[in-house]
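J.: Quick one, what's the 3D model for this:
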Amino acid sequence: MAAPEFHEFASKEELAEVLSERIAELLDLDFTTGAFASIAVSGGSTPKRMLELLGSKMGDNREMTYFALVDERFVPANDKRSNERM
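T.: Reported below is the predicted structural model:
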């Protein structure tokens with residue numbers, strides 16, 4: 001098994017940009033085969049910017065992608081702390 005790679009980023013914005021670009025590239029590979037994709041992302045403020053950037057890079061591929069927010073907490077959907085609003 002290969003050793004894990006660690007990456008450091010100068011800012012949250014750089015992290016969001018790099019992640020959104022890489023995910024968009026991987027999605028493009030899946031969609032060339034006609035496959036659908038599923039992505040589960042922790043909710044909250046951490047992935048918010050990455051999701052915003054990814055949305056602008058997906059084009060027509062967004063119709064072939066299922067997104068799910070995961071959370072270790074139980075917060076009702078109508079609670080102001082809920083990630084459902086993302």
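
J.: rest of the way, CA atoms for contacts and neighbours
T.: OK.

J.: List phi and psi for the closest residue to residue 65 other than its chain neighbours.
T.: Spatially, and ignoring its direct neighbours in sequence, residue 65 is nearest to residue 37 (4.8 Å; C-alpha to C-alpha, 6 or more residues apart in numbering). Main-chain dihedrals, residue 37, degrees, to the nearest 10: phi -130, psi 150.

J.: Who are the contact partners of residue 37?
T.: By C-alpha atoms under 8 Å, 6 or more residues apart in numbering, residue 37 lies in contact with 27, 30, 64, 65, 66.

J.: from the residues you listed, which would you call buried?
T.: Buried residues within those, counting neighbours by 16 or more other C-alpha atoms under 10 Å: 27, 64, 65.

J.: Could you dump these into a markdown table and include secondary structure?
T.: Shown next, in a markdown table, are the buried ones among the contacts of residue 37 (DSSP: H, G, I helix; E, B strand; the rest coil):
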| residue | secondary structure |
| --- | --- |
| 27 | helix |
| 64 | helix |
| 65 | strand |
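
J.: Flag the least confident of the residues you listed.
T.: Lowest pLDDT within those is found at residue 64 (78).

J.: What separation do you get for the spatially closest residue to that one that is not a sequence neighbour and residue 28?
T.: Closest residue to residue 64 apart from its sequence neighbours, by C-alpha to C-alpha, 6+ apart: residue 36 at 5.0 Å. According to C-alpha to C-alpha, to the nearest Å, residue 36 stands 10 Å off from residue 28.

J.: List the strands paired with the worst-scoring helix or strand of the chain on mean pLDDT, with their directions.
T.: Least confident element among the helices and strands of the chain, by mean pLDDT, DSSP states H and E: strand 65-70 (a mean of 82). Its sheet considered, strand 65-70 pairs with strand 37-42 (parallel) by DSSP bridges.

J.: So what's the gap between the partner strand and the chain middle?
T.: Centre-to-centre, strand 37-42 and its host chain are 6 Å apart (C-alpha atoms, centre = their mean, to the nearest Å).
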